[in-house]
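Visitor: sequence-free structure coming up:
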């Protein structure tokens, strides 16, 4: 080859802009996935307690790990704001009450195997392992927050009512979480109106 230099090969994709894939972020748990987790993690386990707190309160993982047995209150961590969640909001949910009744009397509901409080990231990783054990590798703690919002919308709650429970500062975020439920409810309402008009002759 001697001293002859080789030209670098040209990359034909060098100037091609990557395609942006639109995503809704974390997967929202389906109604089929919820009992799948429950079947793997029995009532009385820490995994089931964490799951229930996430699903029935719709709070962020950073707030769920701060929930205490005695006061059962939390404060939203977004933007440093403080919003107490009165126990009366969640204590009216029988399913959650039954789970809490089996929880150990710790200062906080959820602690590590060493009895120390979880960090938000540490809890997220721990809960990810519990999802994997249930065969739900695409599910996450945040996905339960989205599922809780969806359920509230399916129960007929308005966007403002959902935000009042979940603590979302942005109504746009709630609308994104509940879009499917809202469409289903509106479509059902529209069909009922059509039937009412047509059945009268």
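Guide: Nice, I can see it. All of these numbers come straight from a predicted model, not from anything done at the bench.

Visitor: could you tell me the model confidence score at residue 153?
Guide: Note for residue 153: predicted pLDDT of 87.

Visitor: tally up the residues packed near it, please.
Guide: Residue 153 has 24 neighbours, counted by other CB atoms under 10 Å. (C-beta placed from N, C-alpha, C; glycine too.)

Visitor: then residue 96?
Guide: 18.

Visitor: same question for residue 53.
Guide: Residues within reach of residue 53, counting by other CB under 10 Å, total 27.

Visitor: contacting residues for it?
Guide: Residues near residue 53 by CB atoms under 8 Å, 6 or more residues apart in numbering: 59, 64, 67, 96, 99, 109, 110.

Visitor: let's go with 7 Å and repeat that
Guide: 64, 67, 109 (CB atoms under 7 Å, 6 or more residues apart in numbering).

Visitor: same check on residue 145?
Guide: Residue 145 is in contact with 54, 58, 60, 166, counting by CB under 7 Å, 6+ apart.

Visitor: what about it, distance to residue 33?
Guide: From residue 145 across to residue 33, the span is 14 Å (CB to CB, to the nearest Å).

Visitor: with residue 137 instead?
Guide: 11 Å.

Visitor: check the separation of the first and last residues in stretch 32-48.
Guide: End-to-end span of stretch 32-48 (CA to CA, to the nearest Å): 16 Å.

Visitor: in that stretch, which residues are buried?
Guide: Neighbour-count burial for stretch 32-48 flags 33, 34, 37, 38, 40, 41, 46, 47, 48 (criterion: 16 or more other CB atoms under 10 Å).

Visitor: where does the chain dip in pLDDT?
Guide: Under the criterion pLDDT under 70, the flagged ranges of the chain are 1-24, 68-92, 105-107, 182-186, 189, 199-201.

Visitor: do a quick rundown of the helices in it.
Guide: Applying DSSP state H to the chain gives helices spanning 33-40, 46-57, 61-64, 87-90, 94-100, 120-133, 141-154, 159-166, 171-198.

Visitor: gap between the closest residue in space to residue 55 that isn't next to it in sequence and residue 115?
Guide: Closest residue to residue 55 apart from its sequence neighbours, by CB to CB, 6 or more residues apart in numbering: residue 144 at 4.9 Å. Relative to residue 115, residue 144 is positioned 24 Å away (criterion: CB to CB).

Visitor: look at those two and report which has more neighbours.
Guide: More neighbours surround residue 144 than the other of residue 144 and residue 115, with 30 against 9 (other CB under 10 Å).

Visitor: ok, that one - contacts?
Guide: Going by CB under 7 Å, 6+ apart, residue 144 touches 29, 51, 54, 55.

Visitor: need the buried ones from those selected in PyMOL.
Guide: Applying 16+ other CB under 10 Å to these, the buried members can be selected in PyMOL as follows:
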select buried, resi 29+51+54+55
